[in-house]
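Asks: please find the sequence and the predicted model below.
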There are 2 protein chains.
Amino acid sequence: MSEQSTRTVERALSLLATVCEKGSTSLSDASRAVDLAPSTALRLLRTLEASGFVRREDEGRYRAGPRLMQLGAQALGHESLIDVCHDEMVGLEQATGESVYLSVEGHAASALYISIVEGSHSVRHSNWVGRTIPLAGSAAGLVLRGETPDSGYVIVERGIERDVTAVASPVTAAGRIVAVISILVPSYRMDEQSAQQCGVLLAAAARRLSSGLTDGTAL
Amino acid sequence: MSEQSTRTVERALSLLATVCEKGSTSLSDASRAVDLAPSTALRLLRTLEASGFVRREDEGRYRAGPRLMQLGAQALGHESLIDVCHDEMVGLEQATGESVYLSVEGHAASALYISIVEGSHSVRHSNWVGRTIPLAGSAAGLVLRGETPDSGYVIVERGIERDVTAVASPVTAAGRIVAVISILVPSYRMDEQSAQQCGVLLAAAARRLSSGLTDGTAL
DNA sequence: AATACACTTGCCACCCAGTGAAAAGCTAGC
DNA sequence: GCTAGCTTTTCACTGGGTGGCAAGTGTATT
């Protein structure tokens, strides 16, 4: 093996990922997506199925399985971050009416959205939970890289999406950045001044959360 | 192979599961838990780490990784059940003050809690999201097995936990049971009459959800 | 009906990838 | 310094994973 990593497991995990990302896949789709012989893909998918990581529907298509949901839910729950941050996020939503996200550093230079409090505007940014975005060019990415200015928040207009403005602040525990809270707003609704206001609110909420996490009050 | 299933992948998945379940594990703990040579466990965990399914902390301990959270969140989200059911669950919580759960059938004859709206009582049943319970002897289990009486709800006193009473109703889509909503209450607070009331409320909510899912309104 | 195409599945010989014992580092405690 | 326990590397062995092939099934096209 070239980089001391088990090929078989890598393949199985790739299959798991594609099945999840496509929502529902046939064997041949999956095998083509990861460039494997159908017979091999079948064997691996069966193994995943036997462990409950994927589930097979009546028509033979594969979907994400209950075991994956269980472990995912546990993992998200363990990061009790979601619970800890929930109230502050609700507060921000109420103050701004916009969608408030919580994200953490993901795999391979990405940010992963793990929680949302949806905004109350009818036109709003909705449901990116589970998605990843590149660190480069995103407000969350700047914050995760520790490039937050002294103001305590980052504003990015038209970063990942052309019509969205993002404001983000770091949540720290014992000095380390552990998460990002951010507000995503349709750009047309956001001018310089309201962005600053959002930033101030965000930074304040983030500071409260950070001190709670650092001294253990929140846990 | 005895049952046409790849041993290597099975082992890797077992490792992944134990890491998640223990929250944080050392290499030797994990290798002992799944009965593998440390060197083998190390290699597999590195593969999992390279794919982001586990993450290694500074001190060398393993935790659930971002990729797992991502896929888990996607899987849970795909089952947009959580979104669809959320409002009704909030309504039930407001009517009763108790914790309301949403669960689906899990792996190996179990029910998996995937969502909660926490009750407002200070003594309440809190946060079983991510846990599984056996179908046998639980209200959710009875419902998932299709053993709901004509009343439309099941009441189980002291099923899984000695001091908890559970009331559960089935959520169906196109005639098939796809989920269970349930209310879990500390038994001392629940008498026969209030349990019946809960049941009626639950059954009504479940019926509304089911019809919405069946005719596509909810999606 | 007959043909063609695509997908799923079982089979099995080949051989390389996965394995685990052993040994070497690495820390922490006595 | 010595011991105990954990992590990590190395390496020879071999059995588990692989994928080509063909049979079986399903669904468009002529």
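Replies: Cool, the structure landed.
Asks: before we move on, what SS does the residue of chain A positioned farthest from its centre have?
Replies: For chain A, the C-alpha farthest from the mean C-alpha position belongs to A:S39; by C-alpha atoms, centre = their mean, that distance is 33.5 Å. Under DSSP: H, G, I helix; E, B strand; the rest coil, the three-state class of A:S39 is helix.
Asks: gap between it and A:E57?
Replies: Counting by C-beta to C-beta, to the nearest Å, the separation of A:S39 from A:E57 is 21 Å. To be clear about C-beta, it is placed using only N, CA and C from the backbone, and glycine gets the same treatment.
Asks: run a quick neighbour tally on the closest residue to chain B within chain A.
Replies: Closest approach between chain A and chain B, counting by C-beta to the nearest C-beta: A:G72, at 1.1 Å. Residues contacting A:G72 under the criterion other C-beta atoms under 10 Å in any protein chain shown number 27.
Asks: did I read that right, it in a strand?
Replies: No: assignment of A:G72 by three-state DSSP gives helix, placing it outside any strand.
Asks: from A:A17, how far out is the closest residue to it other than its chain neighbours?
Replies: Closest residue to A:G72 apart from its sequence neighbours, by C-beta to C-beta, 6 or more residues apart in numbering or on different chains: B:G72 at 1.1 Å. The gap separating B:G72 from A:A17 is 12 Å, by C-beta to C-beta.
Asks: swap in A:S182?
Replies: 25 Å.
Asks: of those two, who's got more company?
Replies: Remark: of A:S182 and A:A17, A:S182 carries more neighbours, 27 against 19, as counted by other C-beta under 10 Å.
Asks: and the more buried one, what are its bridge partners?
Replies: A:Y101, A:A168 (DSSP bridges).
Asks: surely it meets A:A168?
Replies: Yes: using C-beta atoms under 8 Å, A:S182 is in contact with A:A168, at 3.8 Å.
Asks: mind listing the shared neighbours of the two?
Replies: Counting by C-beta atoms under 8 Å, 6 or more residues apart in numbering or on different chains, the common neighbours of A:S182 and A:A168 are A:139-140, A:143, A:202.
Asks: now, the most widely separated pair of these?
Replies: Farthest apart among those by C-beta to C-beta are A:A140 and A:L202. That separation is 11.7 Å.
Asks: what is in contact with the two at once?
Replies: With C-beta under 8 Å, 6+ apart, A:A140 and A:L202 have common neighbours A:168, A:182.
Asks: which one's more surrounded, these two?
Replies: Higher neighbour count among A:A140 and A:L202: A:A140, with 32 against 27, using other C-beta under 10 Å.
Asks: touching, the more buried one and A:S182? I think so.
Replies: Yes: contact criterion C-beta under 8 Å: A:A140 and A:S182 qualify, at 5.4 Å.
Asks: on that earlier part again, would you list the shared contacts of A:S182 and A:A168 in JSON lines and tack on pLDDT and secondary structure?
Replies: Shown next, in JSON lines, are those (pLDDT from 0 to 100; DSSP: H, G, I helix; E, B strand; the rest coil):
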{"residue": "A:A139", "pLDDT": "94", "secondary structure": "helix"}
{"residue": "A:A140", "pLDDT": "92", "secondary structure": "helix"}
{"residue": "A:V143", "pLDDT": "93", "secondary structure": "helix"}
{"residue": "A:L202", "pLDDT": "95", "secondary structure": "helix"}
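Asks: and which of the residues you listed is nearest to B:E105?
Replies: Nearest to B:E105 out of those is A:A140 (C-beta to C-beta; 35.3 Å).
Asks: got the contact list for the closest one?
Replies: Contacts of A:A140 (C-beta under 8 Å, 6+ apart): A:101, A:103, A:111, A:133, A:166, A:168, A:180, A:182.
Asks: in PyMOL, select just the buried ones from these.
Replies: Selection of buried members from those for PyMOL, criterion 16 or more other C-beta atoms under 10 Å in any protein chain shown:
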select buried, chain A and resi 101+103+111+133+166+168+180+182
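Asks: contacting residues for the nearest residue to A:V164 once chain neighbours are set aside?
Replies: Nearest non-adjacent residue to A:V164, counting by C-beta to C-beta, 6+ apart: A:L184, 5.5 Å away. Listed by C-beta under 8 Å, 6+ apart, the contact set of A:L184 reads A:98-99, A:101, A:125, A:128, A:164-166.
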